[in-house]
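>>> A structural model of the following input is requested.
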Amino acid sequence: MGSWITYGLGSENDNLPGYVLLNSGAVPPGGKENFSNGYLPASYQATSIRADGDPLENIVPARASAQELKLKWLLEQDRDFARTLGDNAEVESAIRNYEMAFRMQTAVPDTLDLSQESAATKDSYGINAKDEDLRLYAIQCLRARRLIESGVRFVEVTANPLGLDNGTWDQHGSLKPHHEKNALVTDQPIAAFIKDLKQRGLFEETLILWAGEMGRTPHTGNGHGRDHHTSGYSVWLAGGGIKCGTIYGATDEFGMHAVENPVAIYDLHATILHLLGLDHERLTFRYGGRDMRLTDVHGQVVSEILA
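Numbers count the residues shown, from 1 in each chain. Below you'll find the model as predicted:
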């Protein structure tokens, strides 16, 4: 979705990527497919930034003049190669990525520098928390606000794995202690992020989507855990164009199936694109002889949740 939105809207800052993935340092559960460009050009894949240590490797040039010469030589080689192939999209994407990486060397360190934030702001997010996972998640939520402020189109923040092989939200056992930890890690930074956006006048123009891994069965299965369940679960949206306080849809009395106003992922995507000013039926990319869409041949805008 991040790649499609960046493809449809472009970037507001030529010196920063249009799509950024903020994580704790590990590849998010589900693998790189979570932020892949799929069959869209490579320039629409997310740039991954870690919370701890160096956010992005090799971002500071050793010698700017030498690097400029090297980049110029690489671009000349790539353009010659592209001409021999005849308008090759993959080579053109590689060229754009080289150029973006060079421009990012100045913009990224400054944008990610949290020393420019007040002590009160950092405390509100949890930057100084004793819990390491909370601290790392807080860093990324504050960076998300700074990236949005700087014109990055799509920012994805992934929860820390918390030492679980399947990831934070894919828990099949010990739900009480693990979900208590999930709440500890995510609640404070997300609340601070929303409040921060409101204080800066960015909330109404920023669409926020929160989602876990998927639904879980209402029955325990193994006595203290639950299993995969895609027939009834919830996400929430806030900010840009969403009707405040709206609850849309419901499951049956057992929580097994969505029985009232079910929303498919295609509908959710269509609604998000609509809120961003994009028609999901017209946003297409030619691939394999067909005009492809994020919503494939499905999707209805859920107008009831729009402000």
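
>>> tally of neighbours for the nearest residue to Thr111 once chain neighbours are set aside?
Leaving out its chain neighbours, the residue that sits closest to Thr111 by C-beta to C-beta, 6 or more residues apart in numbering is Ser150, at 5.1 Å. The C-beta positions use only the backbone N, C-alpha and C, and glycine is treated the same way. Here the number of neighbours of Ser150 (other C-beta atoms under 10 Å) works out to 16.

>>> what's the answer for the one 5 residues further on, then?
Counted with other C-beta under 10 Å, residues neighbouring Val155 total 22.

>>> which strand or helix spans it?
If you go by DSSP states H and E, Val155 is part of strand 154-157.

>>> in the chain, what spans have low per-residue confidence?
Counting by pLDDT under 70, the chain shows low-confidence ranges at 29, 58-65, 67, 87-88, 97-98, 100-106, 163-167.

>>> one more time with 90
10-17, 23-35, 41-43, 50-113, 158-182, 212-228 (pLDDT under 90).

>>> hey, where'd the strands end up in it?
19-23, 47-50, 154-157, 207-210, 215-216, 228-229, 236-239, 250-251, 258-260, 285-287, 290-292 (DSSP state E).

>>> so which of those strands gets nearest Ser11?
For Ser11, the closest of those is strand 19-23, at 8.6 Å, according to C-beta to C-beta.

>>> then the closest one to PDB, C-alphas only?
Listed in PDB are the C-alpha atoms of strand 19-23, where the atom choice follows Å, rounded to 0.1, in the frame of the first residue of the first chain:
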ATOM      1  CA  TYR A  19       8.000   5.800   1.700                       C
ATOM      2  CA  VAL A  20       9.900   5.100   4.900                       C
ATOM      3  CA  LEU A  21       9.700   2.000   7.100                       C
ATOM      4  CA  LEU A  22      10.600   2.600  10.800                       C
ATOM      5  CA  ASN A  23      11.600  -0.500  12.800                       C
END
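
>>> helices or strands up against it?
helix 2-9, strand 47-50, helix 132-149, strand 154-157 (3 or more C-beta pairs under 8 Å, 6 or more residues apart in numbering; DSSP states H and E).

>>> just how off-centre is the third one within its chain?
The reference is to helix 132-149. Per C-alpha atoms, centre = their mean, to the nearest Å, the displacement of helix 132-149 from the mean C-alpha position of its chain is 12 Å.

>>> how about it: buried residues?
Within helix 132-149, the residues scored as buried using 16 or more other C-beta atoms under 10 Å are 133-148.

>>> nearest to Gly215 among these?
Of all the buried residues of helix 132-149, Tyr137 has the smallest distance to Gly215: 22.6 Å, by C-beta to C-beta.

>>> I'd like the distance between that closest one and Ala183.
Separation of Tyr137 from Ala183 (C-beta to C-beta, to the nearest Å): 12 Å.

>>> repeat that for Ala42.
Distance, Ala42 to Ala183, by C-beta to C-beta: 37 Å.

>>> what's the answer for Asn160, then?
From Asn160 to Ala183 the distance is 13 Å (C-beta to C-beta).

>>> who has more neighbours, these two?
Comparing Asn160 with Ala183 by other C-beta under 10 Å, the one with more neighbours is Asn160, at 25 against 10.
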